[in-house]
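In: sequence and predicted structure, then a few things I'm wondering about:
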Amino acid sequence: MTALVSTPQDPRPAPVTPHATPGRHILADFRGVPAGLLADARALERELVLAAEAAGAKVLGAHFHHFGEGAGVTGVVMLSESHISVHSWPEHQFAALDIFMCGAARPELALERLHAALAPQTVRVTTVDRG
């Protein structure tokens, strides 16, 4: 049986194929990351790009913003397969990561690469099948 879902843009029900997951969205909370790394926009950009490449994704571009002395970074790497983003709080040694990929890209490999690079003391991960 096909489930029906309506969206705000189109009130007509649309068929949804059971078990269809065009993408996986990984949300990761990294705690206990060295503050210096979390305040370094260039280093974070490099690590997110390398993580995307490790996952087999194609990087389209990146934009990172540092919020000033002692503050954190917000950045996104745009991918053909979606995106990887980071928001950091060096004063709390905390980074929130968002890895969303579709197609043949493997977001779990990006997560592994970022775990190795950022060396958090603790990690909390939530994975959501999208679609």
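Out: Alright, I've got the coordinates. It should be emphasised that the depicted structure is a prediction, and the values quoted were computed from it without experimental measurement.
In: direction included, what does the helix or strand residue 123 falls within pair against?
Out: Per DSSP states H and E: residue 123 is located in strand 122-130. Counting by DSSP bridges, the strands paired with strand 122-130 are strand 23-31 (antiparallel).
In: now the strand it pairs with: mean pLDDT?
Out: Computed over strand 23-31, the mean pLDDT rounds to 97.
In: heading C-terminal from that strand, find the next helix or strand.
Out: Past strand 23-31, further along toward the C-terminus, the next helix or strand under DSSP H and E is helix 35-38.
In: CA atoms only for the strand holding residue 123 - export them in CSV, please.
Out: The C-alpha coordinates for strand 122-130 follow below in CSV (Å, rounded to 0.1, in the frame of the first residue of the first chain):
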residue,chain,number,x,y,z
THR,A,122,32.2,12.8,23.4
VAL,A,123,29.9,12.5,20.4
ARG,A,124,26.1,12.3,20.1
VAL,A,125,24.8,11.3,16.7
THR,A,126,21.3,11.3,15.2
THR,A,127,20.7,9.9,11.8
VAL,A,128,17.6,10.7,9.8
ASP,A,129,16.5,9.0,6.5
ARG,A,130,15.2,11.9,4.4
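In: after the longest helix belonging to the chain, heading C-terminal, what element do we hit next?
Out: As assigned by DSSP state H, the longest helix anywhere in the chain is helix 41-54. The helix or strand immediately downstream of helix 41-54 is strand 59-66, counting by DSSP H and E.
In: what mean pLDDT does that following strand have?
Out: Here strand 59-66 scores 98 as its mean pLDDT.
In: go through the strand holding residue 123 and flag the buried ones.
Out: residue 123 (16 or more other Cβ atoms under 10 Å). (Each C-beta comes from the backbone N, C-alpha and C, glycine too.)
In: show me how far it is from its chain's centre.
Out: Relative to the chain's own centre, strand 122-130 is displaced by 10 Å; criterion: Cα atoms, centre = their mean, to the nearest Å.
In: average pLDDT for it?
Out: On average, strand 122-130 scores 96.
In: what do you get for stretch 95-110?
Out: Averaging pLDDT along stretch 95-110 yields 97.
In: which parts of that stretch are buried?
Out: So stretch 95-110, judged by 16+ other Cβ under 10 Å, has buried residues 95, 97, 99, 100, 101, 102, 105, 106, 107, 109, 110.
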